[in-house]
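**Q** Generate a structure from the sequence data that follows.
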Amino acid sequence: MAGVDVDSSGHASDYQTQIEVKFTTKLREPYKVSNDGSITVPAQVTRYGLSQIVNHLLDLDRPIPFEFIVCGDVLCSTLGAHISSRNVTAEKVLEVEYVPAILPPSPGEDIAQDDWLSCISESDSVIYTGSYDGLVRMWNSDGDELAQFAAHPCPVKSCLTIPGHGQLLTTGDDGSVRMWKCDQGNRDLLAHLTGHESTVESCAVRPDGERCATAGWDTNILIWRSGESLETHVSENPAKKQPGKKTMKSSSAEVESVGALEAHSQCVSDMVWKSHENLISCSWDHSIKFWDVEMETVTDSFTHNKVLYCLDTSNSDDSSHVVAFGGAEKAVRLWDRREKQGTFAKSLRSLQSHTSWVSDLEWHPTSEYHIMTASYDGSVKLWDIRGEIPLHTIHPTTVSDDDRLLCCAWIGSSSIAFGGTNKTLSTMVLQSSTL
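**A** Here you go, the predicted structure:
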């Protein structure tokens, strides 16, 4: 670096004047700065200043806001302070990567519900919500209700669509699990999945849709047929008519599980099934477990010091080793499985901004770096996991001081939905400078 003041250790100091940088990006023309050489920028420059410089070099018709990745992390302070805090020496040209910025989301719809909202799922532009009145409601992206039906005689605890099969999996506070056939606002009960003995808090679906998992307060993770394999099984084993009882309009066969995973000692609060091989679960017993479902064995685990409520991983193979999780604490945690537990400080990072417990989180469907979190503090936060502070914090006007947000979900790649004890389904649209 030319023209840089350094401290006695050789690191860039807070009082430096100039830093020599080279801009890099994965964007294509015309959004790529020429790599002919480096330029000198003030050490006190921030993200906004660097964005102005890049836009000047690109000479675009309209300015594009950018974020900057320096030393593997999002720039949230001055450039000088950023590299000094990471013990970067002042001996080389600094590479600064720029990416499109995520702008503040704009309001969408606020749709009143009759009871607390417990879960949200989306498929083919249809939003499914479950609530404490036992109803599942179906909405389009404009906030119009397509249908509603009584899914359980008790609070709905989780719901999830089965990709490519027009099925919806729901779980109840009474231990019931049901699979529904949903098509263009119509629904029929396909099967009762029987086997749980207590409240079923969570569910997950294998990527091919042919298997699903449910879990809750009985501590067992049960594996079920779903998708085409379930429909074939139901057609070959139709529900038997019981004397003196009317059958339902559609087949409602009772189906038993095809597998069980046992290792947790308390409530299994959340699960994700992002690859064919690995199901991941978290629990009130403070642990996260990776499962080989076919062998019914734990292949990896991590033990935290708090009750865990939620977890997720990226859809990208490049970052699937990172698990984001939250629970009975204010911080969102990131566990990097590549680091051994013996190096705890390296394997666990924290994103701190919420002022109460983290109730739900979800990774962006296409970005390996962005997650959304909901909290009992009534806020939703959007994060870039390479940064230390949230990109945006949303305080919904429909949430009072006593309300808690219980669930959140991405609707496609550019909208979000959330709700909770405020009895409102809220949506917002992300304004991104994605090119």
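
**Q** make it CA atoms for all contacts and neighbour counts henceforth
**A** Noted.

**Q** just checking, residue 175 touches residue 199?
**A** Yes: between residue 175 and residue 199 there is a contact under C-alpha atoms under 8 Å: 4.3 Å.

**Q** Quickly list what the residue nearest to residue 309 when sequence neighbours are not counted is bridged to.
**A** Of all residues not flanking residue 309 in the chain, residue 327 sits nearest, at 4.5 Å (C-alpha to C-alpha, 6 or more residues apart in numbering). Using DSSP bridges, the beta-bridge partners of residue 327 come out as residue 308.

**Q** What about residue 327, how many residues nearby?
**A** 26 (other C-alpha atoms under 10 Å).

**Q** now residue 430
**A** Neighbours of residue 430 using other C-alpha under 10 Å come to 16.

**Q** and it, that one's in a strand?
**A** Yes: per DSSP: H, G, I helix; E, B strand; the rest coil, residue 430 lies within a strand segment.

**Q** picking that back up, residues contacting the residue nearest to residue 309?
**A** Taking C-alpha atoms under 8 Å, 6 or more residues apart in numbering, we find residue 327 in contact with 306-310, 357-359.

**Q** buried subset of those residues?
**A** By neighbour count, with 16 or more other C-alpha atoms under 10 Å, the contacts of residue 327 hold 307-310, 357-359 as buried.

**Q** In JSON lines: those, plus distance to residue 230.
**A** Putting the buried ones among the contacts of residue 327 into JSON lines (distance: C-alpha to C-alpha, whole Å) gives the following:
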{"residue": "307", "distance to residue 230": "34"}
{"residue": "308", "distance to residue 230": "31"}
{"residue": "309", "distance to residue 230": "29"}
{"residue": "310", "distance to residue 230": "27"}
{"residue": "357", "distance to residue 230": "37"}
{"residue": "358", "distance to residue 230": "34"}
{"residue": "359", "distance to residue 230": "31"}
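
**Q** Now flag whichever of these is closest to residue 66.
**A** Distance to residue 66 across the buried ones among the contacts of residue 327 (C-alpha to C-alpha) is lowest for residue 358, with 28.7 Å.

**Q** Verify the stated contact: the closest one with residue 374.
**A** Yes: Residue 358 lies in contact with residue 374 (C-alpha under 8 Å); the separation is 6.1 Å.

**Q** Quick check: phi and psi at residue 397.
**A** phi -70, psi -20 (degrees, to the nearest 10).

**Q** mind listing what residue 193 touches?
**A** Listed by C-alpha under 8 Å, 6+ apart, the contact partners of residue 193 are 176-179, 224, 254-257.

**Q** Generate the ChimeraX command that creates a selection of the buried members of those residues.
**A** Buried subset of those, written as a ChimeraX selection, criterion 16+ other C-alpha under 10 Å:
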select :176,177,178,179,224,254,255,257
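
**Q** Whichever strand or helix holds residue 110 - contacts with which helices or strands?
**A** Element membership of residue 110 [criterion: DSSP states H and E] is strand 102-112. In this structure, strand 102-112 makes packing contacts with strand 424-432, judged by 3 or more C-alpha pairs under 8 Å, 6 or more residues apart in numbering; DSSP states H and E.

**Q** mean confidence score for the strand it packs on?
**A** For strand 424-432, mean pLDDT is 89.

**Q** hmm, who's touching it?
**A** Counting by C-alpha under 8 Å, 6+ apart, 100-113, 116-117, 398, 414-419 sit against strand 424-432.

**Q** angle of that strand against strand 102-112?
**A** Strand 424-432 and strand 102-112 are oriented at 160 degrees to each other (axes from the mean of the first three to the mean of the last three C-alpha atoms, to 10 degrees).

**Q** Paired strands for strand 424-432, with orientation please.
**A** strand 102-112 (antiparallel), strand 415-420 (antiparallel).

**Q** Looking at the buried ones among the contacts of residue 327, which one is closest to residue 272?
**A** Proximity of the buried ones among the contacts of residue 327 to residue 272 (C-alpha to C-alpha) peaks at residue 310, which lies at 9.5 Å.

**Q** Outside of stretch 30-49 itself, list whatever touches it.
**A** Here stretch 30-49 has contacts from 2, 14-26, 54, 57-58, 66-68, 75-81, 93, using C-alpha under 8 Å, 6+ apart.

**Q** Can you pull out the low-pLDDT segments for the stretch 301-435 of the chain?
**A** Scanning the stretch 301-435 of the chain for pLDDT under 70 picks out the ranges 319, 340-347, 432-435.

**Q** in it, which spans are strands?
**A** Assignment of strands within the stretch 301-435 of the chain using DSSP state E, counting those that start in this stretch yields the ranges 308-313, 322-327, 331-336, 348-352, 358-363, 370-375, 380-384, 392-394, 405-411, 415-420, 424-432.

**Q** now the second one: how far from the chain's centre is it?
**A** The reference is to strand 322-327. 9 Å (C-alpha atoms, centre = their mean, to the nearest Å).

**Q** count of neighbours near the nearest residue to residue 320 once chain neighbours are set aside?
**A** Leaving aside its sequence neighbours, residue 320 sits nearest to residue 314 (C-alpha to C-alpha, 6+ apart; 5.2 Å). Counted with other C-alpha under 10 Å, residues neighbouring residue 314 total 23.

**Q** Let me see the contact set for residue 314.
**A** If you count contacts by C-alpha under 8 Å, 6+ apart, then residue 314 has 320, 322-323, 363-365, 367-369 around it.

**Q** For it, give its distance to residue 42.
**A** 36 Å (C-alpha to C-alpha, to the nearest Å).

**Q** ok, now residue 388?
**A** 22 Å.

**Q** Do I have it right that residue 72 meets residue 386?
**A** Yes: the pair residue 72 / residue 386 is scored as a contact, 6.7 Å apart, by C-alpha under 8 Å.

**Q** Neighbour count for these two, which is higher?
**A** Each of residue 72 and residue 386 has its neighbours counted (other C-alpha under 10 Å); residue 386 has more, 16 against 11.

**Q** nearest spatial neighbour of the more buried one, skipping sequence neighbours?
**A** That would be residue 73: by C-alpha to C-alpha, 6+ apart, it lies 4.5 Å from residue 386.

**Q** My read is that that neighbour contacts residue 387, right?
**A** Yes: using C-alpha under 8 Å, residue 73 is in contact with residue 387, at 5.4 Å.

**Q** Now the phi/psi pair for the residue nearest to residue 386, please.
**A** Dihedral angles (degrees, to the nearest 10) for residue 73: phi -130, psi 150.
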